[in-house]
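[1] what would the 3D arrangement of this be:
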Amino acid sequence: MNRANELLLAGDIGGTKTALAIYTRERGPRAPVAQQTFSSKEYASMEAIVREFLTDKNWRVARACVDVAGPVVAQRTQVTNLPWEVDARALSETLGNAPVFLLNDLEAIANAIPFLEPADWETLNAGKPVERGALAVIAPGTGLGEAFLTWGGGRYRAHASEGGHVDFAPTTAQEIDLLRYLWEQMDHVSYERIAAGIGLPNVYAFLKDRQGMHEPDWLRESLAATNDPTRIIIQHALENQVEICVATLKLFVAILGSEAGNLTLKIMATGGVYLGGGIPPRILEYLRAETFLRRFTRKGRFTELLRSVPVRVILNPDAALIGAACYGLENRE
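    Numbers count the residues shown, from 1 in each chain. Model prediction:
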């Protein structure tokens, strides 16, 4: 096989699902040879998923690039919302000693940003982007990921962070009460404990337990019978307009808007902000409402600066996979 057709295995490991795909340099990062999605919690390890994906396929993988929802240190990581350790060396052995690159999942999404097209996003604020200005990525999925890109060497370069785990900073009396409520249950209250899939049920519980919002009996039974309460809450906020679910999602969106604005200021993301992850495309009508952008821009003397920053929601569900493929196709050993 010539180098243009060498096979790259790219993977996107999340707390809920894992996507794997095969790419070639000839076809590029947006046209996989094959792709499959797996339920992460049904497998004991990343290697087990890779072995199943490659079973009965006459493929020799030349290298791999996998993004993981967790901090990558020395090409190893403990997945934040899964009981897995992912090690580049162990995965390399599974692939017959092919070179393996590990990326943080938000670093992978950031790598994809320069390769996305207008059909891949929804614009919330057109703004006035600064050419080659820094770009921010904030992604509420199972957890809350954050990353950024800076211009250098003739292109954008992605940088990972664990910004979703910084201390939650309330900005209203209600949010101060939310912080106190969560302090009673956990030692550290981060933005991920609120503005992510694992955090949405915490917001719901606060509104029910602390603020006395009514929970219909049928909804209580539905939540008790599921292992995915976030899906139920979002569903009834969008479809049935159940008051407590609507209030939960509105508070979630407000706090997400505040943290998106915080991230923008920290890295001076004058080029734009991208919302990734699985939740934003599902709640577009709430993000389009005035609450998100009002909270995004409510930064005192820097309000006008924030109003000039473009804000986009990534609609392409394979953005992280595209980013992992981009990195893997560009880097060779």
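[2] now the stretch 201-333 of the chain, which segments are flagged as low pLDDT?
    Low-confidence segments of the stretch 201-333 of the chain (pLDDT under 70): 332-333.
[3] how about the helices in it?
    217-224, 229-235, 243-267, 284-288, 290-297, 303-307, 319-330 (DSSP state H, counting those that start in this stretch).
[4] same question, the stretch 1-150 of the chain
    Counting by DSSP H, counting those that start in this stretch, one finds helices in the stretch 1-150 of the chain at the ranges 46-54, 88-94, 105-112.
[5] how about those, which one is nearest residue 13?
    Nearest to residue 13, of all these, is helix 46-54, at 6.2 Å by CB to CB. To be clear about C-beta, it is placed using only N, CA and C from the backbone, and glycine gets the same treatment.
[6] what's that closest one in contact with?
    Applying CB atoms under 8 Å, 6 or more residues apart in numbering, the contact partners of helix 46-54 are 9, 11, 13, 18, 20, 36, 38, 40, 43, 61, 66, 84, 86, 90-91, 94-95.
[7] now do stretch 302-309
    Here stretch 302-309 makes contact (CB under 8 Å, 6+ apart) with 125, 127-129, 261, 264-265, 269-270, 272-273, 296-297, 299.
[8] rerun that using 7 Å as the cut-off
    The contact list for stretch 302-309 (CB atoms under 7 Å, 6 or more residues apart in numbering) reads 127, 128, 261, 264, 265, 269, 270, 272, 273, 296, 297, 299.
[9] for stretch 47-61, buried residues please.
    By neighbour count with 16 or more other CB atoms under 10 Å, stretch 47-61 contains the buried residues 47, 49, 50, 53, 54, 61.
[10] just the buried members of the contacts of helix 46-54?
    The neighbour count (16+ other CB under 10 Å) marks 9, 11, 13, 18, 20, 38, 40, 43, 61, 66, 84, 86, 91, 94-95 as buried among those.
[11] between those, which is nearest residue 232?
    Of all those, the one sitting nearest residue 232 is residue 40; the distance, using CB to CB, is 20.0 Å.
[12] find the nearest non-adjacent residue to that closest one, please.
    Leaving out its chain neighbours, the residue that sits closest to residue 40 by CB to CB, 6 or more residues apart in numbering is residue 18, at 4.8 Å.
[13] separation between the one you found and residue 331?
    Distance, residue 18 to residue 331, using CB to CB, to the nearest Å: 21 Å.
[14] do residue 102 as well
    Plainly put, residue 102 is 12 Å away from residue 331 if you go by CB to CB.
[15] between these two, who's got more neighbours?
    Set side by side, residue 102 and residue 331 show more neighbours around residue 102, with 26 against 12, by other CB atoms under 10 Å.
[16] what about residue 78, neighbour count?
    Neighbour count of residue 78, defined by other CB under 10 Å: 13.
[17] what about the stretch 51-200 of the chain, any weak spots by pLDDT?
    By pLDDT under 70, the stretch 51-200 of the chain has no low-scoring segment.
[18] ranges for the strands of it?
    Under the criterion DSSP state E, counting those that start in this stretch, the stretch 51-200 of the chain carries strands at the ranges 61-68, 76-78, 85-87, 100-104, 121-125, 135-140, 144-152, 155-160.
[19] closest one to residue 279 among the ones you listed?
    Among those, strand 135-140 comes nearest to residue 279, with 4.6 Å by CB to CB.
[20] show me what the closest one is packed against.
    Contacts defined by 3 or more CB pairs under 7 Å, 6 or more residues apart in numbering; DSSP states H and E place strand 135-140 against helix 105-112, strand 144-152, helix 243-267, strand 272-275.
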